[in-house]
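1. Predicted structure and sequence below. I'll ask about it afterward.
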Amino acid sequence: MNIIEEIRTKFGDKVDILQKSKKRVYISVPIDDAKDVVGFMFGILGARMSIATGLDTRTGVEMLYHMAFDKHDLVVTVKTMVEKPELKMPTFTDIIPAANWIEREIHEMLGVDFVGHPNLERLLLPDDWQTGEYPFRKKTFDSEKENIERE
């Protein structure tokens, strides 16, 4: 059984799998199942967490966990949505210690609260940066309104 079939067998309809190519797969998963899916890939299937990405959207921050299966020349990205306004999700640091810094960075830049993270202290921004201001968070999605405000 290949990696994608093992994930599908383990998680069934909890995952929506999109295979873009032989080397690139995207898996959408509800936030409540994201940690289990990533943990299975890391702990059981032997994936390496390459990086995580946060992407601000209208309704929340889409979290993307890029997992590399080096021996198979495959990258699987696990996608989940962290809903606004709370922006809370469990930390992955207890299953993947290397998630520590990237979760701190995403917390600082986008405001995602990684519940259970051992140290969400400031990492990149200056000490006098205003609390509650997130430089990678979009101010608005209404480009017409943005153009009027600039004039």
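-> It's in. Predicted model only: the values in this text are computed from it and were never measured.
2. residue closest to the middle of the protein?
-> Taking C-alpha atoms, centre = their mean, the centroid of the chain lies closest to M63, which sits 2.4 Å from it.
3. Next, the contact list for that one, please.
-> Residues counted as contacts of M63 (C-beta atoms under 8 Å, 6 or more residues apart in numbering) are 34, 52-54, 79-82, 89, 106, 112. C-beta: built from backbone N, CA, C; applies to glycine.
4. Mind doing that once more with 7 Å?
-> Taking C-beta atoms under 7 Å, 6 or more residues apart in numbering, we find M63 in contact with 52, 54, 80, 82, 89.
5. Can I get those in a markdown table including pLDDT and neighbour count?
-> Listed next are the contacts of M63 as a markdown table, based on pLDDT from 0 to 100; neighbours: other C-beta atoms under 10 Å:
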| residue | pLDDT | neighbour count |
| --- | --- | --- |
| A52 | 98 | 23 |
| G54 | 97 | 23 |
| T80 | 98 | 22 |
| V82 | 97 | 23 |
| M89 | 97 | 24 |
